[in-house]
Every structure is written in structure tokens, then in C-alpha cells.
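K.L.:
quick one: sequence and predicted model below, then my questions.
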Amino acid sequence: MSPAVLASLVLGIVGAIALLWYWVFLPIFIPPQEFFGRQKRFDRAIREVIAVKSDDPTDRLPAWPPHLSTDRLAVITCAERAVIGGVQYAPQSRKISFPFGDVPVHLGTAADLVVRCLRTISLDLQQMVHHDRTAEPKRYPLGLLRSKKVDRSMDHRRVAFLFTFVRVFLPSGPVETDTTEAAAAFIPGDLVFWAVGGRDGHPGVVGIVSDRRDETGMPLVFTLVPEEGHATAHHRLDEWPILGHFELNIEALMERFLETYPGTTLEPTP
């Protein structure tokens with residue numbers, strides 16, 4: 001082997017080791033959220049390159065998702081961690097602190113998944129649902145409950161109550177999914193409510209749109225349904241009848257909430 005070839009081989013090995021070291025230890029040197037964003041962009045670029053060189057039917061699907069905001073990336077990250085962590089279905093009522101109260105992190109429901117993930121972007125639905133439910137009790141489906149009393153530990157954990165709240169304060173999106181173009185209107189991080197498990201016209205399951213879709217172009221969702229008993233990310237968006245689709249627009253939510261309740265003070269993230 002010539003010296004030039006040997007030198008090139010050594011430099012290549014050293015370069016590969018340096019690149020591997022950088023990739024493995026990169027999360028130590030940058031904020032986790034920024035690293036996750038870079039990882040998502042890298043994964044998307046790889047998928048696009050593979051798609052260009054393949055004859056897969058997904059090549060003909062509309063581009064999706066669009067560029068995702070920091071808020072959306074944070075919510076998706078939270079939902080993915082719940083799936084990886086195997087959060088178990090636990091609908092039982094528990095006495096929890098207020099505000100920012102929560103059941104044990106390894107337990108919860110689909111509503112808990114949404115509440116936890118919105119807290120990663122400093123939005124505490126426990127406080128906001130409590131405030132609105134107290135001020136406008138007739139707005140909420142109290143007929144679904146045995147007790148009509150305000151419950152700071154449980155009201156925000158009810159899917160029907162979350163649906164009532166976001167329908168007032170979040171911008172709504174389309175609910176049609178009959179074409180790939182229609183399905184592409186559901187952006188990762190958006191909230192979706194389904195009729196399954198509900199009653200009297202109210203939803204029984206809520207979920208968060210994932211940044212992945214199947215081969216037909218249908219987005220997948222993060223949710224937690226009782227039958228499976230743990231958080232999942234494999235259900236299709238159109239698997240159950242959709243009752244509501246709401247955009248993850250925190251600025252709009254806060255603006256509408258504070259316009260409705262001027263002077264209201266919400267406790268900041270502890």
C-alpha cells in the first residue's frame with residue numbers, strides 16, 4: 001500500500017471518528033429542543049433523498065409537513081416521549097395540586113397527554129379550563145357528570161371539557177380527510193378530537209397530529225385509547241369520526257382568552 005493511500009485511509013478513519021463523536025455528544029452542547037429540530041430536518045432531508053431515488057407511491061404525495069415552529073416541535077417531542085416511555089392509561093380521579101398539577105408521569109389519559117405537552121410551551125390548561133369553566137359553567141357539558149361541582153383536579157382531564165375550551169379559544173381547522181390534499185391540512189402539533197368513546201355528541205378521544213404519515217399520505221396521531229392501555233403513535237388520523245380539528249396557535253389562544261377575561265393573571269411555569 002502506497003504512503004498516499006495509507007495517509008488517505010488514516011485521515012478518513014480519523015474524520016469518521018470525529019464526526020461520530022460530534023454526533024453522539026452534540027446534545028450535550030446545544031439545547032435539546034434545538035437538537036431535536038436539527039434531527040427532524042436531517043431525517044426529512046434523508047427521506048426526501050430516498051423518495052427521489054425510489055418508485056414508491058409516496059413520491060406522488062403532496063409535500064408535508066411544512067416548516068414547523070418551535071412550539072410545534074416541542075409538543076411533538078413531548079408526545080413522542082410519552083409513547084417511548086409507555087405512559088399507561090389511568091383515568092381515575094386523583095387529588096392533584098393547582099396549578100400545574102399532574103398525575104404520576106407514567107400514567108394518564110389522552111387528555112393528560114395534551115395537557116402535559118402544551119405545558120412544554122408554558123401553557124397550563126388546568127388553570128385556563130378551570131377559569132373558563134367557573135365563569136361560564138353553562139358552556140360545559142355538565143350533564144355528562146354525576147357531580148356538577150368545579151373540580152380543579154379533574155375538569156381539565158375530561159376530553160369533552162377540553163373540546164369545549166379549545167372550540168372557543170383555538171382557531172379551528174378543516175375536518176375532511178377524503179383526499180391527500182385535505183389530510184395535508186392537518187399540521188403536526190394540531191389537536192384532533194374523535195367521536196369514539198364519547199356520548200351525546202361529545203368526543204371521547206383527543207390526540208396530537210404526528211409529523212409522520214402512512215404510505216397513502218394520511219397523517220398518524222399521538223393518542224391514548226383505553227383499549228390499548230398505553231400511549232401510541234400508529235393510529236391514522238381518519239381511523240375514527242373526527243368531531244374537531246384545532247390549530248396549535250398559542251398566540252391566538254392567549255389573545256382570545258385575555259380578551260374574554262381581561263386582567264386575569266395566570267401563574268407562570270414553576
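P.N.:
That came through, no problem. Numbering: from 1, shown residues only.
K.L.:
centre-most residue in this structure?
P.N.:
Residue closest to the mean C-alpha point of the chain, counted by Cα atoms, centre = their mean, is Ile208 at 3.8 Å.
K.L.:
my read is that residue is in a strand, agree?
P.N.:
Yes. Per DSSP: H, G, I helix; E, B strand; the rest coil, Ile208 lies within a strand segment.
K.L.:
show me the beta-bridge partners of Gly244.
P.N.:
Phe193 (DSSP bridges).
K.L.:
assign a three-state SS to the nearest residue to Pro188 once chain neighbours are set aside, would you?
P.N.:
Once flanking residues are discounted, Pro188 sits nearest to Asp211: 4.0 Å by Cβ to Cβ, 6 or more residues apart in numbering. Yep, even glycine has a C-beta here, placed from its N, CA and C like the rest. The three-state label for Asp211, taken from three-state DSSP, comes out as strand.
K.L.:
what's the neighbour count on Asp211?
P.N.:
20 (other Cβ atoms under 10 Å).
K.L.:
residue contacts, it?
P.N.:
40, 65, 68, 76, 188 (Cβ atoms under 8 Å, 6 or more residues apart in numbering).
K.L.:
of those residues, closest to Phe163?
P.N.:
Pro188 (20.1 Å; Cβ to Cβ).
K.L.:
correct me, but the closest one touches Arg72?
P.N.:
Yes. Contact criterion Cβ atoms under 8 Å: Pro188 and Arg72 qualify, at 5.8 Å.
K.L.:
what's the distance between the residue nearest to Pro188 and Phe222?
P.N.:
From Asp211 across to Phe222, the span is 10 Å (Cβ to Cβ, to the nearest Å).
K.L.:
now for the two: what residues contact both?
P.N.:
Ile76.
K.L.:
Asp155 and Pro65, how far apart?
P.N.:
Asp155 sits 32 Å away from Pro65, going by Cβ to Cβ.
K.L.:
just checking, Val128 touches Leu258?
P.N.:
To be clear, residue 128 is Met; Val isn't right here. No. Contact between Met128 and Leu258 fails when scored by Cβ under 8 Å: they sit 10.4 Å apart.
K.L.:
who's more crowded, these two?
P.N.:
Taking neighbours as other Cβ under 10 Å, Met128 and Leu258 compare with Met128 leading, 22 against 12.
K.L.:
so where is the stretch 51-200 of the chain shaky, pLDDT-wise?
P.N.:
51-59 (pLDDT under 70).
K.L.:
can you give me the neighbour number for the nearest residue to Asp132 once chain neighbours are set aside?
P.N.:
Sequence neighbours aside, Phe165 is the residue nearest to Asp132 in space, at 5.9 Å (criterion: Cβ to Cβ, 6+ apart). Using other Cβ under 10 Å, Phe165 is surrounded by 24 other residues.
K.L.:
residue contacts, Phe165?
P.N.:
Applying Cβ under 8 Å, 6+ apart to Phe165 gives the contacts 125, 128-129, 132-133.
K.L.:
in space, what's closest to Cys117 - neighbours in sequence excluded?
P.N.:
Distances taken as Cβ to Cβ, 6+ apart place Cys78 nearest to Cys117, at 3.8 Å, with adjacent residues excluded.
K.L.:
before we move on, back to that, list phi and psi for the residue nearest to Asp132.
P.N.:
Dihedral angles of Phe165 (phi, psi; degrees, to the nearest 10) stand at phi -70, psi -50.
K.L.:
gap between it and Thr180?
P.N.:
Distance check for Phe165 against Thr180: by Cβ to Cβ, it reads 31 Å.
K.L.:
before we move on, what SS does Phe100 have?
P.N.:
Quick answer, by three-state DSSP: Phe100 is coil.
K.L.:
try Phe222
P.N.:
At Phe222 the chain is in strand, as set by three-state DSSP.
K.L.:
burial measure for it, as a count.
P.N.:
27.
K.L.:
repeat for Ala233
P.N.:
Neighbours of Ala233 (other Cβ under 10 Å): 18.
K.L.:
tell me the contacts of it?
P.N.:
Here Ala233 is in contact with 79-80, 83, 210, 212, 220-222 (Cβ under 8 Å, 6+ apart).
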